[in-house]
Structures are given as C-alpha cells and as structure tokens.
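Novice: Turn this into a model:
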Amino acid sequence: MVAIRNRTNRVPHVFRYPKWEPDVFYPAGSLVCYPVQDLQLYDSDVVFYEFFVSKFDILPGTQAPTENSVDWKFIMSTAKSLDSELELRLRALDSDITVAEEKIVRLINFDSDIARKVDSEITLRLEGDSELWAFIDSEIRRKIDSYLQDSEIRVERVLFTEDSDIGALRWNSDEKTLDLQLNADVTLQIGQEQVFYGKATEAISNGDAVMFAGAQGDHLLFRKADQTVANFQDAWIIGVATQSLATNDFGFVTVEGKVRDLNTSAWPEGTLLYLSPDQAGVLIDSEPLAPSHGILIAAVTRQHGVYGSLYVRPVFGDHINSLHDVLAPTPKGGDVLAWDSDLAVWKAVSIGDAQSLAGGTPYDYGTF
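Specialist: From the prediction side, this is the model:
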C-alpha cells in the first residue's frame, strides 16, 4: 500500500482505498473514503474526504456512510483547517511514507524478511489505523536504515545485464576477490587478473600462447604466438588464451592472471613454461637457446589432466640491439662492440675499427 498527495483539493493523503460506491458489497473491516463538502470553511467547489471502516458486512444498495451511521465507524475527515493536529500529522506522515516507499523498492530485492513484511503486515496495517505512524517509524525505517545507511548490504549476486550469466558479480571465496562473468566461458577475478579482448585471426585453443596480429576497425587482432614468423619481436606477445575461439571469433586473452581447465598433467606444480621456438602457441618446460627467444610465459599452479591451471605473466629476454646506447643495426661476423665517444653509443665494428675508435693504429690480423 502507498499513499499519494492531492494538493489541489487540500487532501494531504488519498490512500489507495476504494471510494464508496452504492452498488458494491463491502465485507466487515473494509476501509472506504467518501467525498464531502464543508461550505462553512471553504468554497463550495472544495472537496474533502471522510474515511470509514465497515462494522458489518455492507450489502449493495445501502446509504452512503456518515459520521452517525450505525453500519460504519467514522475514522477521520480531511475537512479541517491547515493548522489542525490532523493536518500536521498527515503532512509528517506523508513525508515519511514517501521516503519509505522509495527505500522499500530498493530494499525488497535484498531482504526476504522485509519482502514478507511488505506483503503481509503493511498490506494489512496501512489502512488508516492509529498504529500506522509507529509501525513505519519503528519497523520499516529501522530496517531500512540498518541496511542502507548504518550497515553492509549483503547480496549473493549482482547482475549488470539482463543475461543470467554475462555481467554477474559474485564473491569468490577461493580466490578472495570478486568474480565478474565476462561471458559464458570467461570469469575475471577482479584485482588479480588482467585480460585483453580482441578478434582471433585463426582457431585458438584455451591455453595457447597468443600474440598481436594487427588491427581491424576499432578492435585489435591476435593469433597464436609464433617465433618462426618474419621479424618476430618479443613485444608482440600478449599472453595466453583463456577460452577457445574459432577464426574471427571475439574473445579474451589473459595478460596476467590464472588460466584454468587445462591439461597440465605433464608438468609438476611450479614448472616454468616458455614459448616454443618452432611450434605456434605451444608452451614448453625448457628455455629455448639463442638464437631463439627465451620468453617465459607462465608457471603451473595446478597439475591435472582436465582442471589444470597456469599463472600467466610473460617475461621477455633481453637483446643487445634493444639497449638504448647500442647502435648495431647490421652486425657482421667477427664484429665487436666498441665505444664511439663522438656518438656516445656502443657500435658493432670490426676489430680494426675498434682500435681506431680507441685512438690506436689498426692492426692487420690477416686471414685465418
């Protein structure tokens, strides 16, 4: 039950009770309102309401209720001056009900106890009786304040979309953080994982190492990480796929965090895994030797044939050419690094040129 304001007719509240009609059967205890006019206080076009409760079953065709009716109990009338005790009480009650109504709508989804009160007690008691004010003040407001102001709101799941899976937010007691359901296959552990969303240019399996493959429109592309492609660079590595994707599917890659539901039966927990030097997307448990790239991709966190898991955090090796003070764009066999004081860089030069840079006389080592 709610109350609405009717200021135009000087009626602070018109409850959602039926206005008395002559052809309606009213069981004992029914509350009705009846419009009246008070010509002594106001103009003849001002309508007020009187509220009555039926003492007995009222059959259709009876006379309208009045203050002196035998069958009706008079409750109150709004035909009073604005500074009357009744008006002041109704004004205060109106403000409180407005607040309670807004909070109940928010609270009813979180607390089944309040939901039952709304369905039972409020429905029965919000009918103009003398306990209405006390009930709202001591029961509903206390409960609302404790949940929405002074205490925690405890919920099992929060949904941000209409889909029952996507957007669900819930507590993960194992990882001690919040789970955010990104799609039917991927759940993000907030604060403990970082994922990348893009489009697969080829079929990719859950657990494959993945690298950057360009851009298309407003999204990025990725493919299996492959050291054999021309001019491969460590910086292209993104992470490990956290779901299986077909060609042109959109999905997620874990940049840092756990990837689950893998076959890790071959690797004990704690094993470090590297990107294979010659198989796209494959992880191996031995570090590749130069000239292959020794890129550390993940560590095994659970050994299992079906429910194995990895902790992903790619770590790249170092290259001399990537150092800011080294200039060796086209090194040749037998070159050494020598300091060029004029350019303030280390250069890849022949041994003879290195002696010149050092201020000495080049020595002809001849042919070996």
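
Novice: Can you pull the phi/psi pair for Asp218?
Specialist: With angles defined as degrees, to the nearest 10, Asp218 sits at phi -100, psi 20.

Novice: which parts of stretch 229-248 are buried?
Specialist: Using 16 or more other Cβ atoms under 10 Å as the test for burial, stretch 229-248 gives 232, 234, 236-245. Heads up, the C-betas are built off the backbone N, CA and C, glycines and all.

Novice: Out of the residues you listed, name the ones that lie in strands.
Specialist: Taking DSSP state E, the ones among these that sit in strands are 237-241.

Novice: right, and the helix or strand after the longest strand along the chain?
Specialist: The longest strand of the chain (DSSP E) is strand 250-262. Going down the chain from strand 250-262, the next helix or strand is strand 272-275, by DSSP states H and E.

Novice: And that following strand, what does it pack against?
Specialist: strand 283-284, strand 296-302 (3 or more Cβ pairs under 8 Å, 6 or more residues apart in numbering; DSSP states H and E).

Novice: Swap in 6 Å and give it another go.
Specialist: In terms of contacts (3 or more Cβ pairs under 6 Å, 6 or more residues apart in numbering; DSSP states H and E), strand 272-275 is packed against strand 296-302.

Novice: Please render the ones in strands among the buried residues of stretch 229-248 as a markdown table that adds pLDDT and distance to Tyr307 to the earlier fields.
Specialist: Compiled in a markdown table, those are given as follows (pLDDT from 0 to 100; distance: Cβ to Cβ, whole Å):
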| residue | pLDDT | distance to Tyr307 |
| --- | --- | --- |
| Ile237 | 94 | 26 |
| Ile238 | 95 | 24 |
| Gly239 | 96 | 20 |
| Val240 | 97 | 16 |
| Ala241 | 96 | 17 |
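
Novice: Next, work out how far apart Ala213 and Gln194 are.
Specialist: Distance, Ala213 to Gln194, by Cβ to Cβ, to the nearest Å: 19 Å.

Novice: Which of the two has more residues huddled nearby?
Specialist: Ala213 (21 against 14; other Cβ atoms under 10 Å).

Novice: Assign the more buried one to one of the three secondary structure states.
Specialist: At Ala213 the chain is in strand, as set by DSSP: H, G, I helix; E, B strand; the rest coil.

Novice: and Ala354, what helix or strand is that in?
Specialist: helix 351-357.

Novice: quick check: mean pLDDT across that helix?
Specialist: For helix 351-357, the mean per-residue pLDDT is 72.

Novice: still on that earlier bit, the longest strand of the chain vs strand 237-241, what angle?
Specialist: Put simply, strand 250-262 runs at 60 degrees to strand 237-241, going by axes from the mean of the first three to the mean of the last three Cα atoms, to 10 degrees.

Novice: Quickly run through the sheet partners of strand 250-262, with directions.
Specialist: Applying DSSP bridges, strand 250-262 is found paired with strand 194-200 (antiparallel), strand 237-241 (antiparallel), strand 308-315 (antiparallel).

Novice: okay but Gly281 is in contact with Lys224, surely?
Specialist: Yes: counting by Cβ atoms under 6 Å, Gly281 touches Lys224, with 3.3 Å between them.

Novice: what's the overlap in contacts for the two?
Specialist: Asp208 (Cβ atoms under 6 Å, 6 or more residues apart in numbering).

Novice: Which of the helices or strands spans Gln63?
Specialist: Applying DSSP H and E, one finds Gln63 in no helix or strand.

Novice: Quick check: the residue nearest to it when sequence neighbours are not counted vs Ile75, distance?
Specialist: Spatial nearest neighbour of Gln63, excluding adjacent residues (Cβ to Cβ, 6 or more residues apart in numbering): Ser69 at 7.6 Å. Plainly put, Ser69 is 12 Å away from Ile75 if you go by Cβ to Cβ.

Novice: pLDDT wise, what is the residue nearest to Gln63 at?
Specialist: The model reports Ser69 with a pLDDT of 85.
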